[in-house]
Every structure is written in C-alpha cells, then in structure tokens.
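Colleague: the sequence isn't on hand, but the structure is:
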C-alpha cells in the first residue's frame, strides 16, 4: 500500500513538466530559433558555474538568478551578451585556476563545453536567421546529450536540473528544427 506522503507519479516528474513548459514558452515567444541562442549559452554557463563551485545543489539558484537577470535586462533593453561573455570567461579562468580539469571527466568537460556551446551560441547570432536557427537547434540537442550523461552519472548538477535541461534542450532543439523547415 502506498504511503500518503508519496507524490503521484506525475508530480515526481516535475522537472520534465517544467522543461516542457519552458520549451513551449520559449518556442512560441521567440522571433525564431536563432534568438534562442541565449538558452544554449545559459545552459553551458550554469553547468560551468556549478562545476566551478563543486556544489551540484547550487544549480537551481544559478538558474533562477541567471534567467531572472536575462529577463530583467531584456525588459530594460540592455544587451546582456557582454555580461554573459565576461561571466563565462571569468568562470573558465576560475575553473582552470581551481584545478577543474583534474576533476572527474564530466566535471572537467564543463570548461571545453562552455567554449564550444558558448561559441556556437555567439556564432548563431551572426548567421542568417535559418542557419542560426539550425545551429542553435543542433547545439541544444548536443547539450541534451550531455544532460543525459550528467543525469545518468549524477554528477555536475542536481539530477532534477539535468532532467529539466534534457527535456528543455531536446524539445527546443526539435521544435526549432520543425518550425524552421
């Protein structure tokens, strides 16, 4: 017999439901797939920040702060990219100086992942809208693969964030491709 304190099966999948909700909001509120490059960049930045701190539980706080900052800067019509790039470079330096590359593979991989995903996001902004959209979609799907690895290994970030991000990235990447055809 189930205990009353257990959550229903649907409630236990709250990260999946949240990821689908965020994907729907972002897909239908964007000017095209290329404009979602910030999701790729933030995903890599949040994972790197969590790896540098070496505290997987901090990932949700980093997510809330970075997403909130993005929304505020967007509403104020302030370009967030200089701050994002500066933050990413600072975290890469802190990670390298703090020995992050000597950590287990998934932790150490966050430094090159930031460079690859961040570079892809920035490159997408310089391409034609359709080419940029396809690059963003590809980067999201590749990040979702990383999310699967992180989720299975239970490393780098809290498992709930890996699940949320995996669903968000796959749904956004697939949605961008479908909407760009």
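Modeller: Good, I have the coordinates. This structure is a prediction, so every number in the text was calculated from the model and none was measured.

Colleague: what's the local residue count around residue 136?
Modeller: Residues lying near residue 136 (other Cβ atoms under 10 Å) number 32. For glycine as for every other residue, the C-beta is placed from the backbone atoms N, C-alpha and C.

Colleague: remind me which helix or strand it belongs to.
Modeller: Residue 136 is part of helix 129-153, with elements assigned from DSSP states H and E.

Colleague: hmm, who's touching stretch 31-39?
Modeller: Applying Cβ atoms under 8 Å, 6 or more residues apart in numbering, the external contacts of stretch 31-39 come out as 26, 30, 70, 80, 84, 120-122, 124-125, 127, 129, 132-137, 140, 168-169, 172, 176-177, 179-180.

Colleague: looking at the helix or strand encompassing residue 116 now, give me its mean pLDDT.
Modeller: Residue 116 belongs to helix 110-126 when assigned by DSSP H and E. The average pLDDT within helix 110-126 is 97.

Colleague: give the buried subset of the contacts of stretch 31-39 as a PyMOL selection command.
Modeller: A single PyMOL command is used to select the members of the contacts of stretch 31-39 judged buried by 16 or more other Cβ atoms under 10 Å:
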select buried, resi 26+30+70+80+84+120+121+122+124+132+133+134+135+136+137+140+168+169+172+176+177+180
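
Colleague: which residues touch the residue nearest to residue 110 when sequence neighbours are not counted?
Modeller: Spatial nearest neighbour of residue 110, excluding adjacent residues (Cβ to Cβ, 6 or more residues apart in numbering): residue 51 at 4.0 Å. Neighbour list for residue 51: 95, 100, 103, 107, 110-111, 156 [criterion: Cβ under 8 Å, 6+ apart].

Colleague: now do residue 51 against residue 106, distance only.
Modeller: The gap separating residue 51 from residue 106 is 8 Å, by Cβ to Cβ, to the nearest Å.
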